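>>> have a look; sequence and predicted model below, questions after that.
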Amino acid sequence: MTDKLKKYETIGCCGVDCGLCPRYYTKGDSACPGCGGLNFKEKHPSCGFLTCCVIKNGFEVCSDCNDFPCKRFDAEKDGFDSFVTHKKVFSNLDFIKRNGIDLFNDKQKIRMSILTEFLTNFDDGRSKSFFCISCALLPLDKLQESHDMVKNFKDTTDIKIKNKRLRELLSKTADTLEIDLKLNTKK
């Protein structure tokens, strides 16, 4: 299937921040087009959330449905999903339900813009997942503060030094807020 299934492919119908996922920024065949994006079914052959939410019911996100949260979210509610970006599923969908998808998308675009800058100017080739997780989990105001602070890192062009400084800054911010940025969150 080569059609887009949704208007906002950077926002998963299940609430995942697709536009902040490492696979969204991957070059080549394994790049993900986002939720319901072009050629989505080739990348994700079976997604129960997308089938129910978008294809069967014509919604953009699950929180548009009167049955939200349904049994599809049981693994999320019970904490069985160890995929780090799933930590924000309910808060994202609740925000959309209260404030609308357009406002959420505006905030998502800011996060994606910051992430793009981090990946372009600070990635040492091994930090994409860390930057994606940081941009997904840190509160937007703290992420923007960190982004503003890294503009002062102009005293060096060494990518390894710039990367180390940014990682330390993001980690310190996360630690202060008691946010776990580790990739492995299995219980």
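Noted; the coordinates are in hand. Numbers count the residues shown, from 1 in each chain.

>>> got the contact list for stretch 140-148?
107, 110-111, 114, 117-118, 134-135, 138, 166, 169-170, 173, 177 (C-beta atoms under 8 Å, 6 or more residues apart in numbering). Just so you know, the C-beta spots here come from the backbone N, C-alpha and C atoms, and that holds for glycine as well.

>>> immediately after the longest helix along the chain, which helix or strand?
Taking DSSP state H as the criterion, the chain has its longest helix at helix 101-121. The helix or strand immediately downstream of helix 101-121 is helix 128-137, counting by DSSP states H and E.

>>> with just CA atoms, put the next helix or strand after that next one into PDB.
Using DSSP H and E, the next helix or strand after helix 128-137 towards the C-terminus is helix 140-150. Provided in PDB are the C-alpha atoms of helix 140-150 (Å, rounded to 0.1, in the frame of the first residue of the first chain):
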ATOM      1  CA  LEU A 140       9.300  20.400  26.400                       C
ATOM      2  CA  ASP A 141      10.400  23.400  28.500                       C
ATOM      3  CA  LYS A 142      13.400  21.500  29.900                       C
ATOM      4  CA  LEU A 143      14.200  20.200  26.400                       C
ATOM      5  CA  GLN A 144      14.100  23.800  25.000                       C
ATOM      6  CA  GLU A 145      16.400  25.000  27.900                       C
ATOM      7  CA  SER A 146      18.900  22.300  27.000                       C
ATOM      8  CA  HIS A 147      18.600  23.200  23.300                       C
ATOM      9  CA  ASP A 148      19.300  26.800  24.200                       C
ATOM     10  CA  MET A 149      22.300  25.900  26.300                       C
ATOM     11  CA  VAL A 150      24.000  23.800  23.600                       C
END
